[in-house]
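Trainee: Whatever this is, show me its structure:
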Amino acid sequence: MKSYFTYDLLIIGGGISACVFASKYLKNNITKKIALIEIGRGLGGRSSTRISKRFEGWKLNHGSPNFNISNSKNNLLLKTYIDELLENKFIKIDDSDIFFLNEDSNLKTQNNSEFSCGVNYLSLDSMSQFSQKIIESNNLKGKINFYFETLIVDMKFNDKEWVLTSKNGDKFKSKYLICATNLLLHKRSLKILNINQIPLRKAIPINYDKKIDMLLNFLEKQTFIPRLTFLIYTNKNYSYKDFYSKKQRYFYLKNKLEKKYRFERIIFQQQDNNKLGIVVHSKNIEFINSYLNSKDEEVFKQKIITNFNKLFDENSVVNKLTFDEKISIMKWRASQPSGIAVPLSLQVSRKYRIGFCGDWFEGDGFGRIEGSILSALILEKKFNDLIK
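Mentor: So this is what the prediction gives:
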């Protein structure tokens, strides 16, 4: 039996941007009836944590293990919010070891990359729990309904009201809509959802709203960085060569090494059970395609171990892995945006009562959590003006 749900505001997406917007919006509109719709099993988006059913006791941050804030323009809105997160003990400054591996010596080098510009912050819990704590702040969790494992495939705007349809046929009605994901706005939705027209374009035909037309034109040109993530559940005796005791340790490969070994970054994550988990990220297209075309996943996993051991062959702090380590592989569908960013001036359409936020908007934080947070904070201010 299909269901029909009615709300004052619907939020599509359950990443950090959606959580920041929801918590701030609810604080100022506590009487509003709000729902958040997310395709995944929980909050976090690309900043998620894998709690394995196969391997009990493991919690691996398999998206963003931490986040960095540059705030080069000294935005007071962003600074105040980060200070609030610190004060509430949701995050702390991440003083973990960061290694940038060069081709010759694999020694620690000084480098300023997209992963380390500004100040690095670490969730005091897992990254998924960080998103949950944002939602729970100000005791507002009970004021919002969650629909997880729910994929929206169709959008309509009729009589000043949004009607969304999920893959299983449930319908959601709302006066206002927030898209904290751009899946339903981008051409990649055509293949992923197996549809013929971008859902937002279907809901709002061309020339009906200049801002929507401009936003979709920018997104038409925006590309995405595909990634594979390998989660390695090490044997009980695996450890560092030294006595490093902090929660995480980061290794970033410089260009030639990344091309040679097919890894972008490797993050070691100390578990509550004192085991050492390893998350390996790759954005190498050839490597991703070789995995997708692989007929034997076990053989591919052996390649991961082989490349890992070659990379750290003479490293002074990292031990080699054995070939019986357990590995799971995740292919990211919601990949990092790149190329052209969407101007923040296109965040809201008054005519269609819709707003947008995420790391796909312009600014120093484009493609990163900083952009997700800042765009959500800015949108909340704009949207409060809209509903007055």
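
Trainee: In contact with the residue nearest the centre of the chain, which residues?
Mentor: Nearest to the geometric centre of the chain sits residue 46, at 2.1 Å (CA atoms, centre = their mean). Neighbour list for residue 46: 15, 63-64, 332, 334, 336 [criterion: CB atoms under 8 Å, 6 or more residues apart in numbering]. C-beta: built from backbone N, CA, C; applies to glycine.

Trainee: can you do 7 Å?
Mentor: Shown in contact with residue 46 (CB atoms under 7 Å, 6 or more residues apart in numbering): 15, 63-64, 332, 334.

Trainee: One more: residue 8?
Mentor: Neighbour list for residue 8: 32-34, 174-176 [criterion: CB under 7 Å, 6+ apart].

Trainee: ok, residue 3 - how many residues close by?
Mentor: When neighbours are defined as other CB atoms under 10 Å, residue 3 has 11 of them.

Trainee: Could you do the one 4 residues further on as well?
Mentor: Applying the criterion other CB under 10 Å, we find 20 residues in the vicinity of residue 7.

Trainee: That one reaches residue 174, doesn't it?
Mentor: Yes. Between residue 7 and residue 174 there is a contact under CB atoms under 7 Å: 4.7 Å.

Trainee: Out of the contacts of residue 46, which end up buried?
Mentor: Neighbour-count burial (16 or more other CB atoms under 10 Å) is assigned, among those, to 15, 63-64, 332, 334.

Trainee: quick one on the thing from earlier: where is pLDDT lowest across the contacts of residue 8?
Mentor: The pLDDT minimum for the contacts of residue 8 sits at residue 32, where the score is 82.

Trainee: which SS class is the nearest residue to that residue once chain neighbours are set aside?
Mentor: In space, and not counting its chain neighbours, residue 32 is closest to residue 8: 4.4 Å by CB to CB, 6 or more residues apart in numbering. Under the three-state scheme (DSSP: H, G, I helix; E, B strand; the rest coil), residue 8 adopts strand.

Trainee: shaky segments in this structure?
Mentor: Low-confidence segments of the chain (pLDDT under 70): 1, 104-114, 138-141, 334, 388.

Trainee: max-length helix in it?
Mentor: Counting residues, the longest helix in the chain under DSSP state H turns out to be helix 369-387.
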